[in-house]
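**Student:** sequence unavailable; structure follows:
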Ligand code: NDP
């Protein structure tokens, strides 16, 4: 595919987990991919190396999405390397759990900073720069629907992300840019698996009637639909990708 016609995707939090699967999938669908990471430099470069081995185009780009200056530099880097991104996928996220009554300020502030402010930072940059016809996908969580105890702060950041994206989809009237959220259920990445007992993992993997954990590729398939040729009529929606959990 020539440089002039190839579309460009910027995926935040693409060094590991769901974001890495999305980056690999979009590269195989023909996008040039900017693989953003915060701290996992080696993992991000491994994602890029695999994409290149498979014949795709990708770069790794470090930026903490909670910092607007770093997000501006991230978009500058994407533009300088491939061009203005046609697709933005906000997968960067952190999750800390605990009963609200026992939650420390630091826990609240850090999830707000990465999950909500981070998404705001990239949405604002995309709203200013993205060409007509672009696609934006935010990662939410099915816990916004399931409302499980200990998830209050995390789910609140993602509920805010959903509504912020829905409103942006209306503000972008006239530019043919869609904004949607994908809300996974339990998905086999370190964000979900770390700190849980085998019994907890087994129980949550049976919370849906298909009786298995989501895999990062399940979520990547959903994102690929929304940013691909068949997803253009979906706008301002949240698609729960969870095997039917909620
Ligand atoms: P992982 O913990 O596996 O990966 C998180 C990714 O986010 C890493 O690439 C990490 O980069 C990046 N990241 C974290 N903080 C920042 C930051 N400040 N700036 C830039 N990148 C950052 O998580 P998942 O892949 O599981 O989660 C992806 C998204 O899906 C998240 O938004 C999460 O909330 C959501 N989700 C996940 C579910 C699950 O069960 N796994 C369920 C529902 C939603 P690095 O390692 O380089 O620091």
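**Tutor:** Thanks, I have the structure now. Here the structure is a predicted model, which is why all the values come from computation and not from measurement. Numbers count the residues shown, from 1 in each chain.

**Student:** could you find the closest non-adjacent residue to the residue positioned nearest the centre of the chain?
**Tutor:** In the chain, the C-alpha closest to the average C-alpha coordinate belongs to residue 91, at a distance of 1.9 Å (CA atoms, centre = their mean). Among residues not flanking residue 91 along the chain, residue 19 sits closest, at 3.4 Å (CB to CB, 6 or more residues apart in numbering). For the C-beta atoms, the positions are set from N, CA and C on the backbone; glycine is no exception.

**Student:** what residues of the helix or strand the one you found falls within count as buried?
**Tutor:** Assigned by DSSP states H and E, residue 19 belongs to helix 17-28. Using 16 or more other CB atoms under 10 Å as the test for burial, helix 17-28 gives 17-27.

**Student:** following element in sequence after it, please.
**Tutor:** Scanning forward in sequence from helix 17-28 by DSSP H and E, the next helix or strand is strand 32-37.

**Student:** what average pLDDT does that following strand get?
**Tutor:** Taken as a whole, strand 32-37 carries a mean pLDDT of 99.

**Student:** and that strand, which strands flank it?
**Tutor:** strand 8-12 (parallel), strand 58-62 (parallel) (DSSP bridges).

**Student:** just these: most buried one?
**Tutor:** strand 8-12 (a mean of 30; mean count of other CB atoms under 10 Å).

**Student:** could I get the average pLDDT for that one?
**Tutor:** Averaged over strand 8-12, pLDDT sits at 99.

**Student:** what residues does the longest helix seen in the chain touch?
**Tutor:** If you go by DSSP state H, the chain has its longest helix at helix 152-171. With contacts defined as CB atoms under 8 Å, 6 or more residues apart in numbering, helix 152-171 is touched by 90, 95-97, 100, 103, 107-108, 111-112, 115-116, 119-120, 123, 127, 136, 138-141, 143-144, 147-148, 177-181, 183, 235-238.

**Student:** so which of those residues are also by the ligand?
**Tutor:** By CB under 6 Å from any ligand atom, the members of the contacts of helix 152-171 lying near the ligand are 95, 139, 141.

**Student:** of all the residues you listed, which comes closest to residue 59?
**Tutor:** Nearest to residue 59 out of these is residue 139 (CB to CB; 21.2 Å).
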